[in-house]
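>>> just to be clear, the model below is a prediction. Sequence and coordinates:
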Amino acid sequence: MVNRLCQSREAIVHDQPGVTRDRTYQEGFWGDRDFKVVDTGGLVFDDDSEFLPEIREQADIALEEASVALLIVDGLQGITAADVSIAEWLRCHPCQTVVAVNKCESPEQGLAMAAEFWSLGLGEPYPVSAIHGSGTGDLLDHVLSLFPPKQDQLEEDPIQIAIIGRPNVGKSSLLNTISGESRAIVSSIRGTTRDTIDTLIERDGQAWRLVDTAGIRRRRSVNYGPEFFGINRSFKAIERSDVCVLVIDALDGVTEQDQRLAGIIEEKGRACVVVVNKWDAVEKDSHTMPIVEKEVRSKLYFLDWATILFTSAVTGKRVDSIFALASIAVQQHRRRVSTSVVNEILQEALSWRSPPTTRGGRQGRLYYGTQVASSPPSFTLFVNEPKLFGDTYRRYVERHLREGLGFDGTPLRLFWRGKKQREAERDLSRQQIMPS
Ligand code: GDP
């Protein structure tokens, strides 16, 4: 079948050590698309004798990288228990699956033979004959329709999005729901290191790069060390992302580990959506959501700018909204506001509430402010003396900026700069220009 799809006799064997070892690739094309076919070897699940676990492991890795999985079954033999177990296993993967029923040479009987395989629950079975080549054109047409759009069809650079959370909160379940719903899974691409795999998907014309999906998925047949799902891995994913989806288990509430992850997101200045997952498993009435939201907010007070979403990876409820909210957060994260608008808002803040005065009668003066960076939006506020502005007043100004300008889903950075600081800096730059 692989030779038929690629119309070649030669298999290209990548014999590198590590992840790609022992998998056979062949290249082919159909219409205007090139593709690679990875031959994984025969899958057997209830037998751990020689090589079989390794074959499963290789198939797992191949699926991680694939756009479409092709399940080949034997039409002459009919459906077997092994087919059923492979179908079950494939359903646990986010990859889209097509069933090809081989040995259907006879056009009349072929359709009837293939029909039996509807019961695998993987959609329409395609009757084909690897030896005669019949049916493979229709099969390839269908497979190609599931391919991701070509890179150049995507309008913008992908937004990097990281799904973050403790083990068992439902990250991989969410990922499966998301990938399953995405008609166009672009591809799995190597991340920064050998063991990171990102997934590129497309939603409403926007490309998203799901950072380190290998670290999210738990693969039963692959044995990774304890570090694989650890905090360091999350840390790297946060660093590589534009926006983080922080997943919390609705049944456990916010734990210390969740707070730690949230702290890193804030510290790194990433946009964020907080997702309270497993909402289906919570006993609730109409008051539950606001009560839980309040609890989550009080424990994640340093992410008070993030939107909270209640989802269920099991029922799929609101999973779709993750992207809508992440998209808003990223827009805000990248936003730039003109100096005149910033100063209008600051003026207003000052007129509602003047800066504090010390006991000695010295009052803080805020001269003007300007946005100096985005991602996250950062502002420098020029004042007479930063010391005169305590935390309460600083928080008040930040709150006022948010009320006036929005910035939902992104942290802000405010730098308070005094006169003395500015003079010192000016002196320093003069010295650099005119060395005496
Ligand atoms: P991960 O370690 O964060 O990737 O978590 P998993 O996705 O592996 O999920 C851990 C367990 O929680 C599994 O048994 C899932 O079936 C279950 N789970 C995940 N999401 C939900 C959900 O929305 N509702 C319920 N009731 N269970 C869920």
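Ah, there it is.

>>> can you give me phi and psi for the single nearest residue of the stretch 1-150 of the chain relative to the ligand?
For the stretch 1-150 of the chain and the ligand, the shortest gap (CB to the nearest ligand atom) falls at Cys92, measuring 10.5 Å. (Glycine included, C-beta is placed from N, CA and C.) Main-chain torsions, Cys92, degrees, to the nearest 10: phi -80, psi -10.

>>> once you drop chain neighbours, what's closest to it?
Leaving out its chain neighbours, the residue that sits closest to Cys92 by CB to CB, 6 or more residues apart in numbering is Asn176, at 7.6 Å.

>>> could you report the pLDDT at that neighbour?
As predicted, Asn176 sits at a pLDDT of 84.

>>> got it, and Glu227?
Listed pLDDT for Glu227 reads 55.

>>> and for Ile55?
For Ile55, the model assigns a pLDDT of 71.

>>> next one: phi and psi at Pro127?
For Pro127, the backbone dihedrals (degrees, to the nearest 10) come out as phi -70, psi 130.

>>> surely it and Glu105 touch.
No. Here Pro127 does not reach Glu105: they are 9.2 Å apart, not a contact under CB atoms under 8 Å.

>>> of the two, who's got more company?
Neighbour count, other CB atoms under 10 Å: between Pro127 and Glu105, Pro127 has more, with 25 against 19.

>>> who in the stretch 301-436 of the chain is up against the ligand?
Within reach of the ligand by CB under 6 Å from any ligand atom, the stretch 301-436 of the chain has these residues: 312-314.

>>> what subset of these is buried?
When those are checked for burial by 16 or more other CB atoms under 10 Å, the buried set is 312-313.

>>> tell me the buried residues in the helix or strand that contains Ile61?
If you go by DSSP states H and E, Ile61 is part of helix 52-65. Across helix 52-65, burial judged by 16+ other CB under 10 Å covers 52, 55-65.

>>> and if you look at stretch 324-343?
Quick answer for stretch 324-343 (16+ other CB under 10 Å): 325-330, 332-333, 335, 337, 342.

>>> what about the helix or strand that contains Ile248, near the ligand?
Taking DSSP H and E as the definition, one finds Ile248 inside strand 243-249. No. Under the criterion of CB under 6 Å from any ligand atom, the ligand is not reached by strand 243-249; the shortest gap measures 6.5 Å.

>>> who does that strand pair up with?
Here strand 243-249 is paired, per DSSP bridges, with strand 159-165 (parallel), strand 271-277 (parallel).

>>> to Pro355, which of those strands lies closest?
Pro355 lies closest, by CB to CB, to one member of the strands paired with strand 243-249: strand 271-277, at 30.0 Å.

>>> so is that closest one next to the ligand?
Yes. For strand 271-277, a contact with the ligand is found by CB under 6 Å from any ligand atom, at Asn277.

>>> sort out which of the residues of the stretch 301-436 of the chain next to the ligand are in strands and list them.
Counting by DSSP state E, no part of those is found in strands.

>>> just to revisit the earlier point, what is the mean pLDDT for the strand holding Ile248?
Taken as a whole, strand 243-249 has a mean pLDDT of 97.

>>> and for it, what are the contacting residues?
159-166, 168-171, 174, 237-238, 254, 258, 261-262, 265, 270-278, 296, 303, 306, 322, 326, 329-330, 333, 409 (CB atoms under 8 Å, 6 or more residues apart in numbering).

>>> quick one, the helix or strand that that strand is followed by and strand 159-165 angle?
Next helix or strand after strand 243-249 toward the C-terminus (DSSP H and E): helix 256-267. Relative orientation of helix 256-267 versus strand 159-165 (axes from the mean of the first three to the mean of the last three CA atoms, to 10 degrees): 160 degrees.

>>> pull out the buried residues from helix 256-267.
258, 261-262, 264-266.

>>> which one of the strands paired with strand 243-249 has the lowest average pLDDT?
strand 159-165 (a mean of 95).

>>> how distant is that one from the center of its chain?
Averaged C-alpha coordinates place strand 159-165 at 4 Å from its chain's average position (CA atoms, centre = their mean, to the nearest Å).
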